[in-house]
Every structure is written in C-alpha cells, then in structure tokens.
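**Student:** sequence first, predicted coordinates after that:
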Amino acid sequence: MNTLDTYNFAGKRAVMRVDFNVPLDKDLHITDDTRIRMATPSVMKILNDGGSVVLLSHLGRPKGGAEKKFSLESLLLHLQKEYGRDVQWGGDVLSDEAAQKAAALQPGQVLLLDNLRFHKEEEAGDPAFAAQLAALGTVYVNDAFGTAHRAHASTAVMASSFAPQDRVGGYLLQSEIDNAKKVLEHADRPFTAIMGGAKISDKILIIEKLLDKVDNLLIGGGMAYTFAVAQGGHVGSSLLEADKVDLARQLIQKAKDKGVNLMLPADSLIADRFANDANVDIAANTSIPDGWMGLDLGPDSREAFADVIRDSKTILWNGPMGVFEMSNFSLGTEYVARAIAEATAAGAYSLIGGGDSAAAVQQMGFGEQVSYISTGGGALLEYMEGKELPGVAALG
Ligand SMILES: Nc1ncnc2c1ncn2[C@@H]1O[C@H](COP(=O)(O)OP(=O)(O)O)[C@@H](O)[C@H]1O
Ligand SMILES: O=C(OP(=O)(O)O)[C@H](O)COP(=O)(O)O
C-alpha cells in the first residue's frame, strides 16, 4: 500500500474518502468528532505539501435520495475550525458545481461534497458512478477505515480509475491496521469480546469467527434480544431481528462446543416507550412484557459483565450496551467502559471500536484510560476475524 509519507502532493488534487459518519443531535450538531479529528493529519499533510483536497464521505444510512438530516453540510463550520481555513461547499457529488469547484481548487484549499449515499450507485459499487467520483481529483486517498469493510463505489471501486502509484492509504487507515494486527497477533488471555449496539444483522455473523479467538463473549445492547428469543424468551417490543434467531441459537450451541463463555444479560432496564422520560422497570431478559422494550442492561447484568471484564487481559468492545444517548439508559454502557478502564490500568490491552462506542467512551470520560479507540466498528471486527477489507485491498 502506498502511504502518505511516500507521496508528494504538491500541485495535486486529492480526492479523499473519509468516514465522517459522526453522531449528530436533533439540531444537527456533532456530538462526537473523533472520526473527523482522526483524519486531520492526513488532510493537513496533503495541504502542507501544496496539494488540495476534495472530501468524500457518507453520513448515516439514507434511503432514497437527499435528506437534510443526512447532509454533510452540517459539518462544514466544524471542518473550517478543524483545519483553520475556509472549507468550500460543493453540494451533490455529481453536480456541475462540485465538478467546477473541484477543478478550480488551489494549493491549500479544501472542498466538501455531500453524502455519497444520496446516490444508490454508491452502495451498489457502480463503476460509472465511481469513475465520476474519480474525475474529481488527480490522486486517490482513502482514510475511511470505518467504512473499509464496504465494497462501495468510493471505498473500493474508484481506486481502479487511478494508476497504482496514485492510490494512497491515509495515516488513519494505516495506524488502525497496525493496531488491530498487534492485538490479533499478541492477544494475552483471558481475551474478552463485548458486542452490542443496533446493527445486528451486520455483526451477528462475526460472532462465529470471534468464537475461535476469545475466551469470553459478552453480548448486550440491542443485539441481546435476538439471543433471548433464541433461548425461548419473550422480549416485548425490544429490538429484534426475527430472521437471525436460528443463527443466534446455533451460536449459543457453538460457543458451548468450543468452551467459550458466551454471556447474555440476565436482566434489562425496560421502558414503556423509546424516550428518556419513559416509565421504567427491571425485567429478566427472557420475559419482557408486551408494550415494553429493553433499552439498557439491568443491575445484575452490568455487575456480571463488569466482573468478567475486570479479569481480562485483552478486551475488544464494539457496540453500546444500551441507548446511551439517553441518560437514563446509559448506565450499562458506563459500567462496561469503567470496567475496561480498570482492567487497562491493571495491565490489560483494550481496543474499542465503532462510531457510537467511541463516542460513548469519550462522553463518559474514559477516552484516555483505554489502550486504543478505533474509528471502525464493523470494519475492525471484520479485520479481526481475518477478512481482507475491500477498502484496503483496492489500494493494492
Ligand atoms: N437495547 C437497545 N435498543 C435499541 N437500540 C440500542 C440498544 N442498545 C444500543 N442501541 C443503539 O445502538 C446504537 C449503536 O449501534 P452500532 O452502530 O451497532 O454501534 P457502533 O457505532 O459502536 O458500531 C446506538 O445508537 C444505541 O442507541
Ligand atoms: O459507522 C460505521 O460503522 P460502525 O457502526 O460499524 O462503526 C461506518 O461509518 C460504516 O457505516 P455503515 O455500517 O452504514 O456502512
């Protein structure tokens, strides 16, 4: 892989894929800018060389065209402060405005374009769309580790429009891979993985691979309810992927066969609606009443999870344990974050992945007390299971 340090960007226009899929509040303000900050060294290297940058990213998962809440324009002022210079807005990636502003960029200038996923061709990996993106620059830089597991037009396909020497991996991509490799190759035991969050269908398949690597696998967050149903439980209106129940049942069996301690939450903090001021109660995870939903670990589970974590020597965490964005459902995530900080202080190596997990750790004040915060969730997990990431493979 060509790296930024071996490339001189003077007079070049870099079309740079970043992962600026940052969490926003309802007023479209950024609540955690880790992903933006982590890509800044790459942007500054290009600008300081005397190059210019066209920034490409997705934000969230828009379905069917442009929507204000998914527009990258919300990031513009933040980026101007981050880079200490004007950042131009070019609108839609396929617009004439974008093409004209990109062509007119001068050394040291930055252009931000709108959400790639406003075009279905992005996720389809459409070659014609990829070629249109490639025409925006003279060199391709990929620093989007968080999206490196997607074979999309901007993460994988557009690289082939550039000569091999003009496909460059950014600093963040490189350091993420170096770090994940270190954990894979030297995992001290007990090795504990903690999985949670909401992207169940994406991440449930990864569990099978992790069972070959870890001693303990703790499953919390929205993912836990699919497992509770697999155990014959009732989960009310909790997050559930019904078509993954059989797979969850097989995974429980596989963990037994392999001697892995797969721990599911015994109890949940349940709510009668998806709101911070909902009525709450505590229920066994396998008997949540109709009309109620599990939004956080219950008191027994958070203690049990924390105990296992504190005894671990290598820790991999992806996905919050509850809807931590609402303060009344953040305790499970906080317990896990604190236990990881304690284990790290006692000598464990801790690796936290995912946009929301990273945000939770920072927000709760444990950012400096863990070994490494990765900007990738799914990407990190897929790398850890030994898969080649399309975004990395495309760089050659
Ligand atoms: N029990 C739950 N019910 C619904 N959503 C949940 C639950 N637990 C966690 N979540 C949500 O999961 C989201 C994060 O999931 P995910 O994207 O998979 O994690 P990451 O970004 O860390 O990889 C958060 O917005 C959180 O509110
Ligand atoms: O947030 C992301 O992944 P993550 O939730 O696994 O951390 C990336 O931006 C990828 O987004 P996607 O899972 O919608 O392709």
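**Tutor:** Sure, I can see it. Ligands and ions are numbered 1, 2, ... in the order given.
**Student:** correct me, but residue 214 touches residue 195?
**Tutor:** No. Using CB atoms under 8 Å, residue 214 makes no contact with residue 195, being 10.3 Å away. Where C-beta positions appear, they are placed from N, C-alpha and C, glycine not excepted.
**Student:** look up how far residue 248 lies from whatever residue of the stretch 201-350 of the chain ends up closest to ligand 2.
**Tutor:** Across the stretch 201-350 of the chain, no residue is closer to ligand 2 than residue 202, which sits at 6.2 Å (CB to the nearest ligand atom). The gap separating residue 202 from residue 248 is 14 Å, by CB to CB, to the nearest Å.
**Student:** more crowded one of those two?
**Tutor:** Between residue 202 and residue 248, counted using other CB atoms under 10 Å, the more crowded position is residue 248 (24 against 14).
**Student:** need the contact list for the nearest residue in space to the more buried one that is not next to it in sequence.
**Tutor:** When the adjacent residues along the chain are set aside, residue 248 lies closest to residue 230, with 3.8 Å between them (CB to CB, 6 or more residues apart in numbering). With contact set as CB atoms under 8 Å, 6 or more residues apart in numbering, residue 230 has these partners: 245-246, 248-249, 252.
**Student:** of those residues, buried ones?
**Tutor:** Among these, those buried by neighbour count (16 or more other CB atoms under 10 Å) are 245, 248-249, 252.
**Student:** sorry, back to before: quick check: the residue of the stretch 201-350 of the chain closest to ligand 2 vs residue 223, distance?
**Tutor:** Taken as CB to CB, the spacing of residue 202 relative to residue 223 amounts to 10 Å.
**Student:** and residue 131, by the same measure?
**Tutor:** If you go by CB to CB, the gap between residue 131 and residue 223 works out to 38 Å.
**Student:** which of these two has more neighbours?
**Tutor:** Set side by side, residue 131 and residue 223 give different neighbour counts by other CB under 10 Å, the larger being at residue 223 (25 against 14).
**Student:** related to what we said a few turns ago, element containing the residue of the stretch 201-350 of the chain closest to ligand 2?
**Tutor:** In this assignment (DSSP states H and E), residue 202 forms part of helix 200-210.
**Student:** repeat for residue 290
**Tutor:** Residue 290 belongs to no helix or strand when elements are defined using DSSP H and E.
**Student:** what's the answer for residue 182, then?
**Tutor:** Element membership of residue 182, judged by DSSP H and E, is helix 171-185.
**Student:** partner strands of the helix or strand just after that helix, parallel or antiparallel?
**Tutor:** Sequence-wise, the next helix or strand beyond helix 171-185 is strand 191-195, with elements assigned using DSSP H and E. Each strand that pairs with strand 191-195, with its direction, by DSSP bridges: strand 216-219 (parallel), strand 314-318 (parallel).
**Student:** in JSON lines: the ones you listed, plus mean pLDDT and mean neighbour count.
**Tutor:** Formatted as JSON lines, the strands paired with strand 191-195 follow (pLDDT from 0 to 100; neighbours: other CB atoms under 10 Å):
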{"stretch": "strand 216-219", "mean pLDDT": "98", "mean neighbour count": "25"}
{"stretch": "strand 314-318", "mean pLDDT": "95", "mean neighbour count": "27"}
